[in-house]
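1. Prediction below, plus the sequence it came from.
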Amino acid sequence: MNVNAFIFLSQYPGESRTMYQIIVKTGNKSFAGTDANVYIQLHGKKGQETPRLSLDDEKNNFEKGQIDVFKVC
Ligand SMILES: [Ca+2]
């Protein structure tokens, strides 16, 4: 598996709890994509951390050159 991805974080305005938008751009190199289960864990400056969050939806995510957007909290 060779995944080349960039992750951007932004806090959602107007939500009662902190929500984050995770934008993943999978690279254009050969075999950059994956069908593996992908997770993210967010860590704060004061030692807080989220559980391991699955990045998955109804689409075929993390394909070569694709941008995937996830909303997690
Ligand atoms: Ca995939």
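-> All right, it came through fine. Numbers count the residues shown, from 1 in each chain.
2. Please name the spatially closest residue to residue 65 (chain neighbours excluded).
-> In space, residue 65 comes closest to residue 28 once its chain neighbours are excluded; the distance is 4.8 Å by C-beta to C-beta, 6 or more residues apart in numbering. Bear in mind the C-beta positions are built from the backbone N, C-alpha and C, glycine included.
3. quick one: that neighbour and residue 36, what's the gap?
-> 18 Å (C-beta to C-beta, to the nearest Å).
4. residues near the residue nearest to residue 65, how many?
-> Counted by other C-beta atoms under 10 Å, the residues lying close to residue 28 total 11.
5. So which residues of the protein form strands?
-> With strands called from DSSP state E, the chain shows them at 5-11, 20-26, 39-40, 53-54, 67-72.
6. In CSV, list the ones you listed along with mean pLDDT.
-> CSV is the format used below for the strands of the chain (pLDDT from 0 to 100):
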stretch, mean pLDDT
strand 5-11, 65
strand 20-26, 87
strand 39-40, 92
strand 53-54, 93
strand 67-72, 90
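7. can I get these in CSV with distance to residue 47 and mean neighbour count?
-> Shown next, in CSV, are the strands of the chain (distance: least, C-beta to C-beta, whole Å; neighbours: other C-beta atoms under 10 Å):
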stretch, distance to residue 47, mean neighbour count
strand 5-11, 17, 11
strand 20-26, 18, 17
strand 39-40, 18, 14
strand 53-54, 18, 14
strand 67-72, 19, 14
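8. Appreciated, that's everything.
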